[in-house]
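> With the input below, show me the fold.
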Amino acid sequence: MNSSTRGTITNVELVLPDGMLTDMYRYLFEDPSKEYACYLLCGHRRQEKTLYLLGCSMIYPEPDEYESHALTSVKLKRGLLISILSECERLGLSLIDIHSHPFSTHSVNFSSIDDADEVEKANWFSKHLPKCYYGSIVVAKECHTARIRSVAGNQVEMPLNIRQVSCPLDLRSSNNKTSRTIGTESVYKRQIQAFGKMGQDRIAKVRVGIVGLGGLGAGLAINLARLGIRDFTLVDHDRTELHNLNRLAGMTRTDGHLSTLKVDVVSREIWNIDTKVRIKRIASMVQSSNVWKKLLNTDIIISATDNHASRMFLNAISQQYLVPHVSIGTLIESKDNQLTDACGHVAVSLPAVGRPCLMCAKLIDPVEAYYETASPDDRRQAAKSGYIKNFEEREPAVVHLNGVILNLALVEIHNLVHGFKEYSPYLFYDMLEQQIYSVSMGDDQCAVCGAGGGYFGRGDLAGKPNIFNDINRHDRNKDKN
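Just a heads-up that it's a prediction; the model follows:
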């Protein structure tokens, strides 16, 4: 590796969607008497000296696409490789070359044949796709070894670390240095009795990004701090008003009179719990590029906003960079001061093949999202035409409904870290019936979350999400169905 490359990238990590590693092993060892091969197309993200390769889609060759494969060798037809390289060139995607060594079990290394083949491919990538990356994985029955061979037009040989978006989360890449649990014996003693010291240490490593610090987001942030989270990115451009006092945790009447920033109210309450908690306070709209990119340095993105446009934006970021996304929200409707509906949801989206995002799970209304970004005149006309509701006044809100939803979310977020129960992708709470429903979200994939789609795993290649494109793709998808 030359000096210029060494100065720019020193660590490479492959982030795989949930289930992809398992599917890969299943394919590669379908017949243990033969070597098999497959290809992983990746988006990427650069952060300082670390390169993140993001698993976008896996290509599993059909039997007739093999030229030969035996116990100690495998060769695919040239046409398949040409078509894959053409796709990399067309979309700017990187390539991970994967094959099995079925004769190995507990340890595995690249052979001299592997070395020669990869040098040739790395040379091709360096010449023809200098902005893409090329790496390889060799897989034994119970382990694997991975490396990167072409970086920014330079041939290299660096280890490739692999982690998977899953429940519980793989936190090996977390750069949170404040992993020491505070007051372990006094503060968390009874919590550790249930989840163990290692469980508490895992909580202390998690980095959480919360967008929206109203009645839901503020209470959730403060309770996450009590749980032991030590690293927060808090995003909300709004200031407190006296009508927030009925539900916004930590707010005082003085805050209402002073119009204190909500990020400052919540930060103050968290620091009252522990002065050493790290908080990035961002009093801006999340769609600003200098804001949403900071969310990429978190392990979980939480949307607690009161509008569909921001949820659609965060949903795209989650799928684009393979960051788990938790959405929480409530709805109260009344007529003549009589409740007709009062409910809330907690949805956990783990970016993965076969699991829907918030868009195709119909938790985002694209029409509402569109008009939320429209001019006041257009919104007024849409309200008159019946396309949107509550244009003139804010929706109702009450502290006890918020409390139920944020605590349900607290359980699911804790479970993402610890894995103490089955993963629940979508919980719906009906306040009038006092019932909690676990709702199946199906396995449909829209143009946002589907493998090879507009955003899924594309990373920096997709650029800033454009919700208007999302809306158009969503509508085209519905027309096809």
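> center of this protein - which residue?
residue 323 (1.6 Å; C-alpha atoms, centre = their mean).
> For it, which three-state class applies?
coil (DSSP: H, G, I helix; E, B strand; the rest coil).
> With residue 383 instead?
Looking at residue 383 with three-state DSSP, the answer is helix.
> any idea how far it is from residue 466?
Distance of residue 383 to residue 466, computed by C-beta to C-beta, to the nearest Å: 25 Å. Every residue, glycine included, has its C-beta placed from N, CA and C.
> Grab the longest helix from this structure for me.
Determined from DSSP state H, the single longest helix within the chain is helix 399-418.
> quick one: buried residues of that helix?
Within helix 399-418, the residues that qualify as buried are 401-406, 408-410, 412-418, counting by 16 or more other C-beta atoms under 10 Å.
> what do you get for stretch 54-69?
54-61, 66, 69.
> Is it possible to get TSV of those that adds secondary structure and pLDDT?
Listed next are the buried residues of stretch 54-69 as TSV, based on DSSP: H, G, I helix; E, B strand; the rest coil; pLDDT from 0 to 100:
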residue	secondary structure	pLDDT
54	strand	95
55	strand	93
56	strand	90
57	strand	90
58	strand	93
59	strand	95
60	coil	96
61	coil	96
66	strand	95
69	strand	86
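> And these, which two are furthest apart?
54 and 69 (28.6 Å; C-beta to C-beta).
> now the end-to-end length of stretch 19-37.
End-to-end distance of stretch 19-37 (C-alpha to C-alpha, to the nearest Å): 18 Å.
> contacting residues around it?
38, 55, 58, 60-61, 69-74, 76, 97-102, 139, 141, 162, 164, 352-354 (C-beta atoms under 8 Å, 6 or more residues apart in numbering).
> repeat that with 7 Å
38, 55, 58, 60-61, 69-74, 76, 98-102, 139, 141, 164, 352-354 (C-beta atoms under 7 Å, 6 or more residues apart in numbering).
> Strands - which of those land there?
38, 55, 58, 69-70, 73-74, 76, 98-100, 139, 164 (DSSP state E).
> Now render those residues as a markdown table, adding distance to residue 441.
Formatted as a markdown table, these follow (distance: C-beta to C-beta, whole Å):
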| residue | distance to residue 441 |
| --- | --- |
| 38 | 28 |
| 55 | 21 |
| 58 | 22 |
| 69 | 38 |
| 70 | 43 |
| 73 | 43 |
| 74 | 38 |
| 76 | 36 |
| 98 | 30 |
| 99 | 35 |
| 100 | 33 |
| 139 | 31 |
| 164 | 20 |
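> Pull out the buried members of those residues.
Applying 16+ other C-beta under 10 Å to those flags 38, 55, 58, 69, 74, 76, 98-100, 139, 164 as buried.
> In TSV: those residues, plus distance to residue 329.
Shown next, in TSV, are those (distance: C-beta to C-beta, whole Å):
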residue	distance to residue 329
38	39
55	29
58	33
69	51
74	49
76	47
98	40
99	45
100	45
139	42
164	28
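> Of the residues you listed, which pair is most distant in space?
Going by C-beta to C-beta, the pair spanning these furthest: 69 and 164, at 26.5 Å.
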